[in-house]
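J.: here is a sequence with its predicted model. Questions after.
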Amino acid sequence: MLPANFDRFVNFCPIADYYIRKKFVDALFESLQKKEFESIGLSNSEINNFADAINGILSNKTMRELCSTDLSLAEQVTQNILDFVKNTYRQIQKAEDPFAVERQYLDDFKKTEPKNFEENWKTTASFIQKEYAPQIIDTDFYYKEFQNSLKPDTKEDKNVKGKKKKKIGFQSVREHFTEKWETLILQKQIQRTLEFIEKERKKFCEELYKQIDELKKLQEVLEPFTNQLGRLWDMSKGRWQKANFDILKRYAELLKRDDSLRELAEMLGRMQTAEIEYEEETFTDKVIKYEWKIEHAAKSELVGIHESDDISSMLPAEAALLADEETEPLFYKKFAEKKLQTFEYQTKILNTEEEDFQNKRQKAKENKKGPIIICVDTSGSMHGTPEQVAKTLGFALLKIAIGENRKCYLISFSTGIETLELTDMKNSLEKLLDFLSMSFCGGTDAMPAMNEALQMLETENYKKADIVMVSDFVMSGFDGETQQKILSAKENKTKFHSLVIGNSGNRQTIAEFDNNWVYNSNDSNRAITLVKNIRETF
């Protein structure tokens, strides 16, 4: 079933008819969802000369690869191509007809009668000889045919048997000539249309493929922020991409180049929010019971003599009663009363039975990686290398959190705070860009940032979140109320981590955190050393 936004084209676009338009849209949308190129399977004549152009557009490999993995992008590109067809067709219809003068000559000659032929032919032949070569339309040939059609019948017009030869009339010659001429005009019109469509196709493809290339780059940078390329389609257009793409690309490349920094970010991103917890689990267990069961009918072991009606097991003495007529009735009486003396056999079979019962046990809860709250110091004292580290780590942690399907909340602070919850990529990307492009300045007050983080712990989405603060910690300590809130959060199994940049930080404030890692800007191996310290902590 096609998306509803294609209905307008199918129902109202003036090219072809309804069924051809529907078939065209179906084939176009389906082709875009396949990695291997597949033409739309319609001819130029069926869709007003657009078939070759559309197949040319669909031949782009990168576009097909992206569309084949993202249905929403395939919809977007399909809509763009349909708009190209509709707009180009309208331009063709509105354009001035370059063959209008020639059509007028043709229409005038169609009205030519035998009496004014010579006069009209001079003008018509002169025009045609300028437009077409003799091998395309031979005016001398047609002039002779017209002359013959106008000649009166003579004796030469009869064959040897005296029958009149069939002569081509003036109307027939004129019809043949005008039809050929009209076909040539139509061919020129089609050629002009195809050339116009091709020119517009090249312009369209230049923009489309450029946008596709930018989208692929944007995908690489933003992955795994979002895997919905259709949502990035508008972002790959216009000035937004030019103004901001380089910022994203710069931080993405920085992570790729600096293995230590990337590893650091990955370790921070892998932090667990809580210790192993256990819950009681009820389950059904089975017990197998073994029991010997005696089968009397089976003859495997003789255990004695008893009374029964089992003739096959009766004693010989009982059989002797049948030998005498006087004792025979006694045999039948004992048989009827099941009092014949017979051998007793039995077999023991080991039988098993399963018995279900309910039991309980302790089960370790499956701990999913929890959300991350990142507090980044954007004060003036962070300017330079600390700023670059803070931004890069913030960018990397956001990517990791989204990639692991974890909630991520970014708080930037100096004298005030700015927050970013990366749940809606389309609406959050601008804020992320603002963070990456902002200049660090102003004083440092971490209290509002920490209180904002603590408040987020009380929300459903950020219970037991990991809190990471990136700062040089050149700041005042937390007040008593904030310290008490931090202790309460720790009791609720929230982990607090500090990434200290430099060695001038407030030791009292740093001591509030569970884990403290130092990034020494004077150490040439600072990132490697930091990674080692964090690895030892975990």
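T.: Structure's in. What do you need?
J.: biggest helix in this structure, by residue count?
T.: Criterion DSSP state H: the longest helix present in the chain is helix 170-222.
J.: for that helix, name the packing helices and strands.
T.: helix 51-58, helix 61-68, helix 71-94, helix 100-110, helix 139-150, helix 229-232, helix 238-257 (3 or more Cβ pairs under 8 Å, 6 or more residues apart in numbering; DSSP states H and E). Any C-beta I mention is one placed from the backbone N, CA and C, and that applies to glycine too.
J.: can I get the longest one as PDB, trimmed to CA atoms?
T.: Meaning helix 71-94. Taking C-alpha atoms only, helix 71-94 is exported to PDB below (Å, rounded to 0.1, in the frame of the first residue of the first chain):
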ATOM      1  CA  LEU A  71      11.500   3.300   4.200                       C
ATOM      2  CA  SER A  72      10.900   6.900   5.300                       C
ATOM      3  CA  LEU A  73      13.800   8.100   3.100                       C
ATOM      4  CA  ALA A  74      12.400   6.100   0.200                       C
ATOM      5  CA  GLU A  75       9.100   8.000   0.600                       C
ATOM      6  CA  GLN A  76      10.900  11.300   0.700                       C
ATOM      7  CA  VAL A  77      13.000  10.600  -2.400                       C
ATOM      8  CA  THR A  78       9.900   9.200  -4.300                       C
ATOM      9  CA  GLN A  79       8.000  12.400  -3.500                       C
ATOM     10  CA  ASN A  80      10.900  14.500  -4.700                       C
ATOM     11  CA  ILE A  81      11.000  12.600  -8.000                       C
ATOM     12  CA  LEU A  82       7.200  13.000  -8.400                       C
ATOM     13  CA  ASP A  83       7.500  16.700  -7.800                       C
ATOM     14  CA  PHE A  84      10.300  16.800 -10.500                       C
ATOM     15  CA  VAL A  85       8.000  15.100 -13.000                       C
ATOM     16  CA  LYS A  86       5.000  17.300 -12.200                       C
ATOM     17  CA  ASN A  87       6.900  20.600 -12.300                       C
ATOM     18  CA  THR A  88       8.900  19.700 -15.500                       C
ATOM     19  CA  TYR A  89       5.700  18.700 -17.200                       C
ATOM     20  CA  ARG A  90       4.100  22.000 -16.300                       C
ATOM     21  CA  GLN A  91       7.100  23.900 -17.600                       C
ATOM     22  CA  ILE A  92       6.800  22.000 -20.900                       C
ATOM     23  CA  GLN A  93       3.100  22.900 -21.200                       C
ATOM     24  CA  LYS A  94       3.700  26.500 -20.400                       C
END
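J.: what's in contact with that helix?
T.: If you take Cβ atoms under 8 Å, 6 or more residues apart in numbering as the criterion, helix 71-94 is touched by 3, 5-6, 9, 13-15, 25, 28-29, 32-33, 47-48, 50, 54, 57, 63, 66-68, 193, 196-197, 200-201, 204, 208, 215, 228-231, 233.
J.: is E325 in a helix, a strand, or coil?
T.: Counting by DSSP: H, G, I helix; E, B strand; the rest coil, the backbone at E325 sits in coil.
J.: quick check, pLDDT for it.
T.: pLDDT, E325: 78.
J.: next one: phi and psi at E46?
T.: With angles defined as degrees, to the nearest 10, E46 sits at phi -80, psi -30.
J.: shouldn't it be in contact with D17?
T.: No - look at E46 against D17 with Cβ atoms under 8 Å: they stay out of range, at 9.4 Å.
J.: which one of the two is surrounded by more residues?
T.: Between E46 and D17, counted using other Cβ atoms under 10 Å, the more crowded position is E46 (17 against 9).
J.: find me the pLDDT at the more buried one, would you?
T.: Per-residue pLDDT puts E46 at 91.
J.: so where's the stretch 401-538 of the chain uncertain?
T.: 402-403, 422-429, 520-538 (pLDDT under 70).
J.: now the strands for it?
T.: Ranges of strands in the stretch 401-538 of the chain, per DSSP state E, counting those that start in this stretch, are 408-413, 417-421, 466-471, 496-501, 515-519.
J.: swap in the stretch 251-400 of the chain?
T.: Secondary structure of the stretch 251-400 of the chain (DSSP E, counting those that start in this stretch): strands at 278-295, 302-308, 340-345, 347-364, 372-377.
J.: counting contacts, what elements does the last one pack onto?
T.: Put plainly, it is strand 372-377. Applying 3+ Cβ pairs under 8 Å, 6+ apart, one finds that strand 372-377 contacts helix 385-403, strand 408-413, helix 447-456, strand 466-471.
J.: tell me which of these lies nearest to I501.
T.: Closest to I501 of the helices and strands packed on strand 372-377 is helix 385-403 (Cβ to Cβ; 4.2 Å).
J.: on that earlier part again, can the strands of the stretch 401-538 of the chain go into CSV with extra columns for mean neighbour count and distance to T342?
T.: Below are these laid out as CSV (neighbours: other Cβ atoms under 10 Å; distance: least, Cβ to Cβ, whole Å):
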stretch, mean neighbour count, distance to T342
strand 408-413, 24, 88
strand 417-421, 18, 91
strand 466-471, 26, 85
strand 496-501, 23, 90
strand 515-519, 20, 89
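J.: export these to JSON lines and tack on distance to L321?
T.: Formatted as JSON lines, the strands of the stretch 401-538 of the chain follow (distance: least, Cβ to Cβ, whole Å):
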{"stretch": "strand 408-413", "distance to L321": "101"}
{"stretch": "strand 417-421", "distance to L321": "104"}
{"stretch": "strand 466-471", "distance to L321": "98"}
{"stretch": "strand 496-501", "distance to L321": "103"}
{"stretch": "strand 515-519", "distance to L321": "102"}
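J.: who wins for proximity to A319 among the ones you listed?
T.: A319 sits nearest to strand 466-471 of all the strands of the stretch 401-538 of the chain, at 94.7 Å, using Cβ to Cβ.
J.: deepest-packed of the helices and strands packed on helix 170-222, please.
T.: Among the helices and strands packed on helix 170-222, helix 229-232 has the highest mean neighbour count (mean count of other Cβ atoms under 10 Å), at a mean of 21.
J.: looking at the host helix or strand of T123 now, give me its mean pLDDT.
T.: Using DSSP states H and E, T123 sits within helix 117-131. Average pLDDT, helix 117-131: 93.
J.: counting by contacts, list what that helix packs against.
T.: Checked by 3+ Cβ pairs under 8 Å, 6+ apart, helix 117-131 has helix 100-110, helix 139-150 packed alongside it.
J.: appreciated, that's everything.
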